[in-house]
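Trainee: Dropping a prediction and its sequence here:
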Amino acid sequence: MQKLNDKWMRIIGIPLLALLGQWMMYGYTNVPYPEDWRIPFFFVLGTVIVWHVNRIGIIFSRKRYPELIQTRQRVLYQLAWFVFFSSIVRITQTFFYQYFNLWHDEDYLQFRPYFFNTLVSVAGTVQIAAYYEGVYLYQRWRVSYTETVELKKINLQSQLNSLKTQINPHFLFNNLNSLSSLISLDSLLAEKFLDQLSSVYRYLLHQNTRDLCPLKDEIEFIEAYFHLLKTRFGNGIFMEMHVEPEFLFYRIPPLTLQLLFENAIKHNATSASKPLTIQLYTRDGHLHVQNNVRKKKTAVHSNQIGLQNIIMKYKLLDQSKVEVHADEEKFLVSIPLIAPEPENTSKAPANP
């Protein structure tokens, strides 16, 4: 949350507004600034206290309801805070006036001064807070607009990366080379490999039309994709999957799993003696993708575009944060699963 940058408003603006408020409140008596200096002094002091207390309410409201879509809750929170605390401060101050004979009235429970003191305080606070809220809304709009532009850039980059994958000569060459070897060794296995390769390319060609897809589709794709990897790396790579059936129709951004698998393969060695194992499992409404760390002898430079792409997509979708944990033994990414659309919930298979 951005800090309130209102130093001069607190030092100069609020005292001046307090004097203006006193004139508005007592002007009908033709003595807006009484000869007793203590009255305007304590009025200004009370106004400063009221504003600082209400300023705390503004800060709390922004911490609790920071987003544009939470503007109504934030404003109502502030209004309730202003009325409650302004009333306490001003009622106490008015009683203080009468108790110390700052004006001559023996009726301590006289309604009018208490009411007008509180009314002026609340009305003044609301007007100043409205300006603060307007500035805050503009700042949040700018952030939202910037994030929207960034999302468009990310989507374009994602589409470009997908296109590169589709036509990547190394990817295609490696798989065709593996297919060529299988044809001479095992025609049935070669046929299955060709089916999986076809499924991978079909999914890649159609993924750009969706912002989200069912986890079920991603799993079917990654199974086909892993089959190609398994043919290439043999016993140097393994996949373990434990996905609860009730989460199959929850949604995630397309190609999320491919990006994480590519990241694991890029940064880890694969060998039969020290295989790379990638685990997929669901827990607490998240899909966890975890791999053991098998660092390559030659470090691979990474700008983490793929992982940042996933994190930014979830941020712009106003979803829970993607969590990343890394240590010497494992690398874990926790992906929030987004609830399915209502029409899809009935299609989810029952728990065994």
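Mentor: Good, I have the coordinates.

Trainee: This structure - how does it break down into domains?
Mentor: Annotated domains of the chain cover 7-149, 213-345 [automatic domain parsing].

Trainee: Present these as JSON lines; the columns should include distance to residue 193, mean neighbour count and mean pLDDT.
Mentor: Every C-beta, even on glycine, is put in place using the N, C-alpha and C of the backbone. JSON lines is the format used below for the domains of the chain (distance: least, Cβ to Cβ, whole Å; neighbours: other Cβ atoms under 10 Å; pLDDT from 0 to 100):
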{"stretch": "domain 7-149", "distance to residue 193": "42", "mean neighbour count": "15", "mean pLDDT": "73"}
{"stretch": "domain 213-345", "distance to residue 193": "6", "mean neighbour count": "16", "mean pLDDT": "86"}
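
Trainee: Same list (these) but as TSV, adding distance to residue 192.
Mentor: Shown next, in TSV, are these (distance: least, Cβ to Cβ, whole Å):
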stretch	distance to residue 192
domain 7-149	43
domain 213-345	8
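
Trainee: Minimum distance to residue 204: which of these has it?
Mentor: Each of the domains of the chain has some distance to residue 204 by Cβ to Cβ; the shortest is domain 213-345, at 7.8 Å.

Trainee: give the contact list for residue 87.
Mentor: 118, 122 (Cβ atoms under 8 Å, 6 or more residues apart in numbering).

Trainee: swap that for residue 240, please
Mentor: Taking Cβ under 8 Å, 6+ apart as the criterion, residue 240 is in contact with 277-281.

Trainee: one step back: so which of the domains of the chain gets nearest residue 190?
Mentor: Nearest to residue 190, of the domains of the chain and by Cβ to Cβ, is domain 213-345 at 9.7 Å.

Trainee: a strand runs through residue 287, doesn't it?
Mentor: Yes. Counting by DSSP: H, G, I helix; E, B strand; the rest coil, residue 287 is located in a strand.

Trainee: hang on, it packs against residue 241?
Mentor: No. Contact status for residue 287 versus residue 241: not in contact, 10.5 Å apart, counting by Cβ atoms under 8 Å.

Trainee: Look at residue 282 and give its secondary structure.
Mentor: strand.

Trainee: list the contacts for it?
Mentor: Residue 282 is in contact with 242-244, 247, 288, 337, counting by Cβ under 8 Å, 6+ apart.

Trainee: Those in strands, which ones?
Mentor: 242, 288 (DSSP state E).

Trainee: what about residue 321, distance to residue 77?
Mentor: Applying Cβ to Cβ, to the nearest Å, the value for residue 321 to residue 77 is 24 Å.

Trainee: Same question for residue 327.
Mentor: Residue 327 is 41 Å from residue 77, where distance means Cβ to Cβ.

Trainee: again, but for residue 266
Mentor: Separation of residue 266 from residue 77 (Cβ to Cβ) stands at 47 Å.

Trainee: next one: residue 120
Mentor: Shown here: residue 120 relative to residue 77, a distance of 22 Å by Cβ to Cβ.

Trainee: got it, and residue 46?
Mentor: Taken as Cβ to Cβ, the span from residue 46 to residue 77 is 23 Å.

Trainee: sorry, back to before: looking at the domains of the chain, spot the one closest to residue 188.
Mentor: domain 213-345 (13.3 Å).

Trainee: before we move on, back to that, so which of the contacts of residue 282 comes closest to residue 202?
Mentor: residue 243 (21.9 Å).
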